[in-house]
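> Give me the fold of what follows.
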Amino acid sequence: MHTYLVGGAVRDKLLGRPVADHDHVVVGARPEDMLEQGFRPVGKDFPVFLHPRTGEEYALARTERKTGHGYHGFAFHADPSVTLEEDLARRDLTINAMAETADGQLVDPFLGARDLEQRLLRHVSPAFVEDPVRLLRVARFAARFAPLGFTVAPDTMALMQQMVRDGEVDHLVPERVWQETRKALGEAQPSAFLRVLRESGALAVLFPEVDALYGVPQRAEFHPEIDTGVHVEMVLDMAARIAPGNDVVGFCALTHDLGKALTPADVLPRHLGHEHAGVAPLQRLAARLKVPTEHAALAEQVCREHLNAHRAFELKPSTVLRLLTSLDALRRPERLELFLAACEADKRGRLGHEDDDYPQADYLRRTRDAAAAVRSEPFVADGLKGPAIGEAMAAARVAAIAALRKPSA
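Numbers count the residues shown, from 1 in each chain. Below is the predicted model:
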């Protein structure tokens, strides 16, 4: 029985990156052997165990065979005769198909270390096409490693395009699409996720609302990048810069301009009312992928209100209060922060505007604090009751916001 460190832990050690998870493969063992040593079983489809002290995962070496469409269309075989190389051969990318012995020796049958040096995301074998989730994973790894110069190997991209043509991507379950997308939105360069999916053809299948933005022009004086799809890529990367790892802000960035794909051709490059037109396609996308409620709800707010955030200094105090109330910002200031991060990403996600200031954010924070400082107690003490208290508080909050606009404020 031999145990090896495998996968991302080996890859990230070679890249000099922090290692988050330590996964292991056990060769030459039976489930009974693991149980006798105190390991706790957790695998449903194949034998995976947790170490009794460290809690790290130890999986018995296994092979897999395609039996049907989609992520679940596989039969797994695990027994002591399965070799380490056979186990590594079933993995998606060469950089994830390396192992390390107990004494630190690298086992690299598919030249993953070479591809790390060459900054390539390359498939291990032609069996790559059997699992459509691998296409999403490649796009997600592109989002993670694009800042290091990684690209998808041409032969791997060709396989991904074949998977789309063959309809294999159509069998992806919504939960898994969202799981991989959510991770990609939290990576360092989410735009690479979109570019890889688009080049493979999968973006049009999985995210038609986003794919439709490419080629849609915007007014050059406001958007020097012109193409709306390119703008969304820039906003995604700016969101990752402003709110690193926050997939809620990332989802808001991804969906904030969906309405621009619906602008009539005779109106282009203007997009009047796109912030309202974008709500319906956003809702369809969120429902189809079973996006969490909080992600979808805040994304709707960003879609509908991002232009109001940009012109915050021009809004009437009553309109500012309506915006804050719609965000539930008086009770949940953290929600305002997520909203402002997404709006700032939109404003700075434009060619040549990456380092612009966004004073609207601080102004809206101050208006929130001023409005939240208005309490009900004085009005109750004055003898007001029922709806009259709420009306008086709203008027006081509007006045408090208006006071911030005065030069003496």
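> how about the helices of the stretch 1-150 of the chain, start to end?
Along the stretch 1-150 of the chain, the segments classed as helices by DSSP state H, counting those that start in this stretch run 8-15, 31-36, 84-89, 112-117, 133-145.
> and the ones you listed as CSV, adding distance to M234, mean pLDDT and mean neighbour count?
Glycine gets a C-beta too; all of them are placed from N, C-alpha and C. Output for these, formatted as CSV (distance: least, C-beta to C-beta, whole Å; pLDDT from 0 to 100; neighbours: other C-beta atoms under 10 Å):
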stretch, distance to M234, mean pLDDT, mean neighbour count
helix 8-15, 26, 94, 18
helix 31-36, 49, 86, 14
helix 84-89, 38, 92, 19
helix 112-117, 28, 97, 18
helix 133-145, 14, 97, 24
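> can I get the ones you listed in JSON lines with distance to G349?
JSON lines is the format used below for these (distance: least, C-beta to C-beta, whole Å):
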{"stretch": "helix 8-15", "distance to G349": "28"}
{"stretch": "helix 31-36", "distance to G349": "49"}
{"stretch": "helix 84-89", "distance to G349": "40"}
{"stretch": "helix 112-117", "distance to G349": "30"}
{"stretch": "helix 133-145", "distance to G349": "16"}
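> Go ahead and confirm T83 touches Y4.
No. Using C-beta atoms under 8 Å, T83 is not in contact with Y4; the gap is 11.1 Å.
> which of the two has more neighbours?
Set T83 next to Y4 and count neighbours by other C-beta atoms under 10 Å: Y4 wins out with 23 against 13.
> For the closest residue to the more buried one other than its chain neighbours, which residues are in contact?
With C-beta to C-beta, 6 or more residues apart in numbering as the criterion, Y4 has its nearest non-adjacent residue at 4.1 Å, and that residue is A99. Applying C-beta atoms under 8 Å, 6 or more residues apart in numbering to A99 gives the contacts 4-6, 10, 25, 84, 88, 106-108.
> which residues pair with A99 across the strands?
For A99, the beta-bridge partners are V6, V107 (DSSP bridges).
> That one and A373, how far apart?
Distance of A99 to A373, given as C-beta to C-beta, to the nearest Å: 59 Å.
> swap in H22?
Distance from H22 to A373, by C-beta to C-beta: 49 Å.
> And D356, by the same measure?
For D356 relative to A373 (C-beta to C-beta), the value is 30 Å.
> same thing with A29?
64 Å.
> more neighbours, these two?
A29 (23 against 11).
> which one is that one nearest to, not counting chain neighbours?
Per C-beta to C-beta, 6+ apart, closest to A29 is M1, 4.5 Å.
> Just to check, that neighbour is in contact with V25?
No. Using C-beta under 8 Å, M1 is not in contact with V25, being 11.3 Å away.
> Those two: who's more crowded?
V25 (22 against 12).
> can you tell me which residues contact the more buried one?
3-4, 6, 58-61, 84, 87, 99.
> and the least confident of these?
Within these, A61 has the lowest pLDDT, namely 85.
> Could you pull up the contacting residues of it?
Taking C-beta under 8 Å, 6+ apart, one finds 25-28, 78, 82-84, 86-87 in contact with A61.
> Within its local environment, how many residues does L364 see?
Neighbours of L364 (other C-beta under 10 Å): 25.
> Repeat that for the one 10 residues further on.
Residues within reach of V374, counting by other C-beta under 10 Å, total 19.
> any idea how far it lies from A142?
Distance from V374 to A142, by C-beta to C-beta: 49 Å.
> Next up, the contacts around A309.
323, 339-340, 343, 360, 364.
> so which of these would you say is closest to L213?
Proximity of the contacts of A309 to L213, judged by C-beta to C-beta, is greatest for C343, which lies at 18.2 Å.
> worst-scoring helix or strand of the protein, pLDDT-wise?
One helix or strand of the chain scores below all others by mean pLDDT, DSSP states H and E: strand 74-78, with a mean of 62.
> Start from the N-terminal end of this protein and give the strands.
Listed in chain order, the strands found in the chain under DSSP state E are 2-6, 23-27, 40-41, 48-50, 57-60, 62-66, 74-78, 99-100, 106-107, 120-121, 151-152.
> so which of these is the most packed in?
Most buried of the strands of the chain, by mean neighbour count (mean count of other C-beta atoms under 10 Å): strand 120-121, with a mean of 23.
> In terms of secondary structure, what does it contact?
helix 133-145, strand 151-152 (3 or more C-beta pairs under 8 Å, 6 or more residues apart in numbering; DSSP states H and E).
> Next, format the ones you listed as a markdown table and append distance to R288.
Output for the helices and strands packed on strand 120-121, formatted as a markdown table (distance: least, C-beta to C-beta, whole Å):
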| stretch | distance to R288 |
| --- | --- |
| helix 133-145 | 15 |
| strand 151-152 | 26 |
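> and of the ones you listed, who's closest to Y214?
helix 133-145 (15.7 Å).
> Domains in this protein, by residue range?
1-112, 132-203, 207-311+332-358 (automatic domain parsing).
> of those, which approaches F379 most closely?
domain 207-311+332-358 (22.7 Å).
> ok, now which ones touch L120?
L120 makes contact with 94, 150-153, according to C-beta under 8 Å, 6+ apart.
> one more time with 6 Å, if that's ok
When contacts are counted by C-beta atoms under 6 Å, 6 or more residues apart in numbering, L120 is found next to A153.
> Please name the bridge partners of it.
T151.
> 514 is where my numbering starts, stick with that
OK, 514 is where the count begins now, so the last one is L633.
> do you know how far it is from A916?
Relative to A916, L633 is positioned 59 Å away (C-beta to C-beta).
> got it, and L837?
15 Å.
> do L624 as well
67 Å.
> Between the two, which is the more surrounded one?
More crowded of L624 and A916, by other C-beta under 10 Å: L624, with 17 against 12.
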